[in-house]
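Student: Here is my input; please provide its structure:
(one chain, ligands or ions: 1)
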Amino acid sequence: MLKAAKIFCGLSVFVAALFQASLAEAKLKVVATTADVGALVREVAADDVTLDVIAKGTQDPHSIEPKPSFMVKLSKADLLISNGLSLEVGWLPSLVQGARNPKVRADGGGFLDLGETAEPLEIPTGQITRAMGDVHPEGNPHFTLDPIRNGKLANAIAEKLGSLDSPNKAKYAERAKAFQTRMETMTKTWQERIAKSGVKKLITYHPSLNYFLKRFNLEAAAFLEPKPGIPPTAQHILSVIETAKREKISLVLVDNFFDSKIADRVVKEVSGARVQSVGISVGSAPGLEKLEDVAEQLVRAIEGKK
Ligand SMILES: [Zn+2]
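Tutor: Residues are numbered from 1 along each chain as shown. Alright, predicted model coming up:
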C-alpha cells in the first residue's frame, strides 16, 4: 500500500513537472537586444513570456560580440525586440542571419524595432561622412533614458506581445499603462528635484544622456569625445576645459563603461567641478535593476548625492 502511494506520489510529481514544462513551452519566447529593452519587456510581460537579453548592462551596446549562443536563442525565438536607430547595427544583422529563423526577420512578423516609435532626436541632415564619427543616421539611439518615451514604448511592446499572444493581451496592455502612469508621476518629481539642484549645464562623455538631459531641461555644454564614438584627444580635452571654465560647469557625467581618467583631468582644471561615473542602463551597476533605478541614480548624481 505504502509502495503504491509512493508510486502514485512520484507519478503526480512527474505529471506536474510535465504540465509545468508544457506551460513553459506555451510561453512566448522573446529576445531583447539590450538590457534596457529587456527591462521594458519585463515591465509589460512580467513572467508571461520567456525572455533572453543579449547585451548586458555592463557592456557598450554599440559593440557586442555576436556569440553563437545568441544565435541559438534567436533561432528559437517568437519575437525579437530591438532598440533600433542603428544602435545594434554592428552585431545584430549577423546574428539574425545566422539564426535562420524567418519569424524574427524584419518582415517575419516576430520583430519589433522600438526606434520606429521613439520619436528620435538629432536626426542628421545632409550627407553623413565617416569624418563625423559614429553618427546614427536615423537619430540618437539612446532614448531609453527618457522615462516618458519609455512609457510610450511599453505600450508599443504590449501591442506587439498581444498580437502574438492574445490570451494575455489584456494583461500586457494593463501593465504597460500602469508603467506609463508611474513614469509620468516619477518624472514630475525628478523634474522638481533637478530644478532645485541648480544644475543647468554639464559635460558628458558620449551623447548617450541627451534624451535624459532634454527631458529634464539640462544641456550638454561639451562631450569628452571629439565626435561620437571617437576617443578623446589631448587637443579636444583642452577645448573642453576651456568650455567648462567659461560655462562654469560643476559636473561631468561619465558612462561607467568609459574610462573616467580623462574627466578627472578636466575637473582638476575647473574649480568646483566634480566627476561622477554613472550607469546608463539597467544592470550597469549594482542596484540598477529597473529603468526607474537608472533615472533615480542620474537625478541623485546631479543633486550631488551618492
Ligand atoms: Zn551612441
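
Student: Helices along the stretch 1-150 of the chain, start to end?
Tutor: For the stretch 1-150 of the chain, applying DSSP state H, counting those that start in this stretch gives helices covering 2-26, 35-45, 68-76, 92-99, 147-164.

Student: Tell me which residue is most central in the protein.
Tutor: Asp36 (2.8 Å; Cα atoms, centre = their mean).

Student: Could you pull out the buried residues of the helix ranked longest in the chain?
Tutor: Determined from DSSP state H, the single longest helix within the chain is helix 169-197. By 16 or more other Cβ atoms under 10 Å, the buried positions in helix 169-197 come out as 171-173, 175-176, 179-180, 183, 187, 190, 193-194, 197. Any C-beta I mention is one placed from the backbone N, CA and C, and that applies to glycine too.

Student: And stretch 26-41, by the same measure?
Tutor: For stretch 26-41, a neighbour-count test (16+ other Cβ under 10 Å) marks 27-41 as buried.

Student: Closest to Pro93 out of these?
Tutor: Nearest to Pro93 out of the buried residues of stretch 26-41 is Thr33 (Cβ to Cβ; 11.5 Å).

Student: Against Phe258, how distant is the closest one?
Tutor: With distances taken as Cβ to Cβ, to the nearest Å, Thr33 is found 21 Å from Phe258.

Student: and what of Ala195?
Tutor: Taken as Cβ to Cβ, the span from Ala195 to Phe258 is 28 Å.

Student: do the same with Ser239
Tutor: From Ser239 to Phe258 the distance is 18 Å (Cβ to Cβ).

Student: The two - which one has more neighbours?
Tutor: Shown here are Ser239 and Phe258; by other Cβ atoms under 10 Å, Phe258 has more neighbours (20 against 12).

Student: Is it correct that that one is in contact with Ser208?
Tutor: No. Contact between Phe258 and Ser208 fails when scored by Cβ atoms under 8 Å: they sit 9.4 Å apart.

Student: which residues does the closest residue to Ser86 other than its chain neighbours contact?
Tutor: Counting by Cβ to Cβ, 6 or more residues apart in numbering, the nearest residue to Ser86 once its immediate chain neighbours are dropped is His136, at 4.4 Å. His136 sits next to Leu85, Ser86, Leu87, Pro228 when contact means Cβ atoms under 8 Å, 6 or more residues apart in numbering.

Student: again, but for Asp264
Tutor: The contact partners of Asp264, taken as Cβ under 8 Å, 6+ apart, are Val275.

Student: Using the three-state scheme, assign it.
Tutor: helix (DSSP: H, G, I helix; E, B strand; the rest coil).
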